[in-house]
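Engineer: Whatever this is, show me its structure:
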Amino acid sequence: MPELPEVETTKKSLEPLLGQDVQDVQVLQPKLRWSMPDDLDQLKSHTLTHVARRAKYLILTFAPSKTTANDAKSGEHKLLIHLGMSGSLQQHSYGSETRKHDHLILIFKNAHDVLTQLHYHDPRRFGSVLWYKDYGAKLLNHLGVEPLSAAFNADYLYQLIQRTSGEATNKRPITRAIKSVIMEQQVVVGVGNIYATESLYLAKIHPATPACELTQAQIKTLVDHIKVILEKAIALGGSTLRDFTVASGQTGYFQQTLNVYGRQGENCLDCQSTLDNIKLNGRASVYCPTCQPVSSSSK
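Structural biologist: Below you'll find the predicted structure:
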């Protein structure tokens, strides 16, 4: 599944399309996780003015084209796009053949009248292409803080786990496994399985450790490593474990730097111990039993 680094990489790869006008909209298969709106042709004669990311959602903003304002349907339009399990946005030269699993094509024209096709490609069809005005509040309002923002810090995570701030001060501290906690979208967005696994390894924390047992110093170390891992993954174009590509068709390279994820049974790169694996919430969690010793309460 494309996680935050892959979505951020996709966002950056779309930036060359900023300022370009939508010439045509072709819906090839509307049935995704939710059916695409049946009025996406409203994007015609609109200019892509802004590309943003919130968690693993892309928000594309279109304004009426200056050159064809009289033909454009009034007002700004925003698309809310989620790549699901296997989705990607891929740019192709005009006239390129559509492939199986291409579900939406937006045709852009730049200032030099060069046309580019942007294909939404999704073999599993678990992604979504929706109007932001209809679904933005419903899908985004419950999300936690962004992991690369100043709001995600040791004080925030420690207090949330210990229930010492906010509306949960009368509740008991969180006893769920720390890996499960940092992967919860209501806590912090976009820390997927790969990045949680790698961050816990670097922080020397066993993934099954009850969150409330971690000291504030350990929480700070973990938060710092989450930020570093995500920034490194973005710099390397994300992780391509299956078929993830960005709009230019390039793949990510972060998987070439993995310390533990996907390496069960191999030697730890630090201490040479054999890497072990447990399942937490149905997800594989590879760890080093020497560098990440299990706590007594999580055995």
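
Engineer: Glu6 against Met85, yeah?
Structural biologist: No - contact between Glu6 and Met85 fails when scored by Cβ atoms under 8 Å: they sit 11.7 Å apart. Bear in mind the C-beta positions are built from the backbone N, C-alpha and C, glycine included.

Engineer: how about Leu130, phi and psi?
Structural biologist: phi -140, psi 160 (degrees, to the nearest 10).

Engineer: OK, contacts around the spatially closest residue to it that is not a sequence neighbour?
Structural biologist: Using Cβ to Cβ, 6 or more residues apart in numbering and skipping residues adjacent in sequence, the residue nearest Leu130 is Leu80, 4.8 Å away. By Cβ atoms under 8 Å, 6 or more residues apart in numbering, the contact set of Leu80 is Tyr57, Leu58, Ile59, Ser128, Val129, Leu130, Trp131, Tyr132, Tyr135, Gly136, Leu139.

Engineer: which of the residues in the longest helix along the chain are buried?
Structural biologist: Longest helix in the chain by number of residues, with DSSP state H as the criterion: helix 216-235. Of all the residues in helix 216-235, those buried under the rule 16 or more other Cβ atoms under 10 Å are 218-223, 225-227, 229-230, 233-234.

Engineer: Tabulate the CA atom coordinates of that helix in CSV.
Structural biologist: Taking C-alpha atoms only, helix 216-235 is exported to CSV below (Å, rounded to 0.1, in the frame of the first residue of the first chain):
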residue,chain,number,x,y,z
GLN,A,216,9.4,10.0,27.8
ALA,A,217,13.1,9.7,26.7
GLN,A,218,12.2,6.5,24.7
ILE,A,219,9.2,8.2,23.2
LYS,A,220,11.4,11.1,22.1
THR,A,221,13.9,8.7,20.5
LEU,A,222,11.1,7.0,18.7
VAL,A,223,9.5,10.2,17.4
ASP,A,224,12.9,11.5,16.2
HIS,A,225,13.5,8.2,14.3
ILE,A,226,10.0,8.3,12.8
LYS,A,227,10.7,11.7,11.4
VAL,A,228,14.2,10.8,10.1
ILE,A,229,12.9,7.6,8.5
LEU,A,230,10.0,9.3,6.7
GLU,A,231,12.2,12.2,5.5
LYS,A,232,14.8,9.7,4.2
ALA,A,233,12.0,7.6,2.4
ILE,A,234,10.7,10.8,0.8
ALA,A,235,14.2,11.7,-0.4
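
Engineer: Tell me the first helix or strand C-terminal of that helix.
Structural biologist: Tracing the chain past helix 216-235, the next element assigned as helix or strand by DSSP states H and E is strand 276-280.

Engineer: Please list all residues in contact with Leu79.
Structural biologist: Taking Cβ under 8 Å, 6+ apart, one finds Leu43, Leu58, Ile59, Leu60, Phe62, Val129, Leu130, Trp131, Tyr132 in contact with Leu79.

Engineer: ok, back up a step: of Glu6 and Met85, who's got more company?
Structural biologist: Glu6 (27 against 14; other Cβ atoms under 10 Å).

Engineer: how far away is that one from Gly87?
Structural biologist: Look at Glu6 and Gly87: by Cβ to Cβ, to the nearest Å, they are 10 Å apart.

Engineer: same check, this time on Leu4
Structural biologist: Following Cβ to Cβ, the distance that separates Leu4 from Gly87 is 15 Å.

Engineer: what about those two, which has more around it?
Structural biologist: Gly87 (28 against 23).

Engineer: So for the helix or strand of the chain with the lowest mean pLDDT, what gets flagged as buried?
Structural biologist: When each helix and strand of the chain is scored by mean pLDDT, DSSP states H and E, helix 4-14 comes last, with a mean of 92. Using 16+ other Cβ under 10 Å as the test for burial, helix 4-14 gives Leu4, Pro5, Glu6, Val7, Glu8, Thr9, Thr10, Lys11, Ser13, Leu14.

Engineer: and of those residues, the nearest to Tyr201?
Structural biologist: Within the buried residues of helix 4-14, proximity to Tyr201 (Cβ to Cβ) peaks at Pro5, which comes in at 16.9 Å.
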